[in-house]
Each structure stands twice: as C-alpha cells, then as structure tokens.
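Trainee: A structural model of the following input is requested.
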Amino acid sequence: SSDFAGALRDYERALALLPRSAQLHCNRAAALIKLARSREARAACRASLELEPTYAKAVARAAQVELLCGDLDAAKRLYERLRWMSAGVGANANASAENAERATAGLRQATEAEAAIASGESLLR
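Mentor: All right, here's what the predicted structure looks like:
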C-alpha cells in the first residue's frame, strides 16, 4: 500500500521551494486523486498546465480529473488535446504512442459515461 498522504506532504514541501514546477503540481494532483480529493487535484492540474501548457502528463491527468468530477465535455476536450499533441512532429515516438492510447481510452470512457447518463435520463422520462 502506498502512502499517498505522505507523498502529498512531500510534494507540498517541494512546491514551497519550487512553486513554478509543472511536474511537482502534476505529481501533487496524482496524490490528490489517490486520496479522492478531485477538486483539489483539478486545481493542481490547472496550475501545472498554466506553467507548462504542453506537458502531456498534466493534460492526461487533467482529463482524468475532469472525468472523475463528471465534467465530460472538459475531459473530452483534454483527451482530444492529448491526442493532437501525441501526433506532434518530432515528438518521442514511445511517449506519443502511449499518449495516443491514453487519449483514445479516455475518450471512450467519456463517451460511455455520456451514454450511461443519457440512458438513465431516458428511463426517468
């Protein structure tokens, strides 16, 4: 079992020293996700992307958080952005393939969630 609360404390201490680290904000978001603190994770992802808008891991994590928060439109936009980024010229081929797969899987999840919501709404009518 991992100590996500301890990891969160470590990331927060590191951010006190390096507040402009997109990677630290993104890693803090990961710990917050594991602690089921999605709203705080959303803010950490936004901070990461403000510092480094092309940081693919932060885009992927932000999409994951939006999905967890139920904002399917935002999740889909972020997954589309990740897919677009993975097709970039000169990008690392392995990372690009991994990001493209992550984007495709995330888009599938968001679409399935939308369908489930629509199905539930139609049952209520």
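
Trainee: Buried ones in stretch 37-54, by neighbour count?
Mentor: 37-38, 40-45, 47-49, 51-52 (16 or more other CB atoms under 10 Å). Using the backbone N, CA and C atoms, a C-beta is placed for each residue, glycine as well.

Trainee: hang on, I meant stretch 76-88
Mentor: Buried residues in stretch 76-88 (16+ other CB under 10 Å): Lys76, Leu78, Tyr79, Glu80, Arg81, Leu82, Arg83, Met85, Ser86.

Trainee: So which of the residues you listed are in helices?
Mentor: Lys76, Leu78, Tyr79, Glu80, Arg81, Leu82, Arg83, Met85, Ser86 (DSSP state H).

Trainee: list the contacts for the third one?
Mentor: Going back to what we said before, that points to Tyr79. Going by CB atoms under 8 Å, 6 or more residues apart in numbering, Tyr79 touches Ala63, Arg102, Ala103, Gly106, Leu107, Ala110.

Trainee: What of the fifth one?
Mentor: Contact criterion CB under 8 Å, 6+ apart gives Val59 as the residues in contact with Arg81.

Trainee: No more questions from me, cheers.
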